[in-house]
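Chemist: need a structure here:
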Amino acid sequence: MPIQIDNLSSRVHVATGDLPFTDEQLDRLAELVRARLARQERDARESDEATRLRRSVAPADPVRD
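Modeler: Predicted coordinates for the structure are as follows:
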């Protein structure tokens, strides 16, 4: 499963022997990390859009009876 992370720093300790996690646990962890990164990107885009200065306002919807 390919994962692209543009900017990441981490310290890793390598232990010999079997991994402490199963393949299923590692897959789930990767899914959680991808979801968190996607949510952070979405939140940043929404915040930028909400606080962006505009030269004009959008016209209001007409009032309907």
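Chemist: Give me the contacts around stretch 37-52.
Modeler: Ile5 (C-beta atoms under 8 Å, 6 or more residues apart in numbering). In short, each C-beta sits where N, CA and C put it, glycine included.
Chemist: Mind checking the pLDDT average for that stretch?
Modeler: Computed over stretch 37-52, the mean pLDDT rounds to 90.
Chemist: mind saving the C-alpha coords of it as CSV?
Modeler: Taking Å, rounded to 0.1, in the frame of the first residue of the first chain, the C-alpha atoms of stretch 37-52 are listed here in CSV:
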residue,chain,number,x,y,z
LEU,A,37,-3.6,13.8,7.3
ALA,A,38,-6.5,14.1,5.0
ARG,A,39,-8.7,15.7,7.7
GLN,A,40,-5.9,18.2,8.6
GLU,A,41,-5.5,19.1,4.9
ARG,A,42,-9.3,19.6,4.5
ASP,A,43,-9.5,21.7,7.7
ALA,A,44,-6.6,23.9,6.5
ARG,A,45,-8.4,24.4,3.1
GLU,A,46,-11.7,25.2,4.8
SER,A,47,-10.0,27.6,7.2
ASP,A,48,-8.1,29.3,4.3
GLU,A,49,-11.4,29.7,2.3
ALA,A,50,-13.3,31.0,5.4
THR,A,51,-10.7,33.7,6.1
ARG,A,52,-9.7,34.7,2.6
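Chemist: Please, where are all the helices along this protein?
Modeler: Per DSSP state H, the chain carries helices over the ranges 23-51.
Chemist: Glu24 and Ser56, how far apart?
Modeler: Counting by C-beta to C-beta, to the nearest Å, the gap between Glu24 and Ser56 amounts to 53 Å.
Chemist: Ignore what I typed, I meant Ala35.
Modeler: On the measure of C-beta to C-beta, Ala35 and Ser56 end up 36 Å apart.
Chemist: who's more crowded, these two?
Modeler: Neighbours per residue (other C-beta atoms under 10 Å) separate Ala35 from Ser56, with Ala35 holding more: 10 against 5.
Chemist: tell me the contacts of that one?
Modeler: Per C-beta under 8 Å, 6+ apart, neighbours of Ala35: none.
Chemist: how far away is it from Glu41?
Modeler: Noted for Ala35: a distance of 11 Å to Glu41, by C-beta to C-beta.
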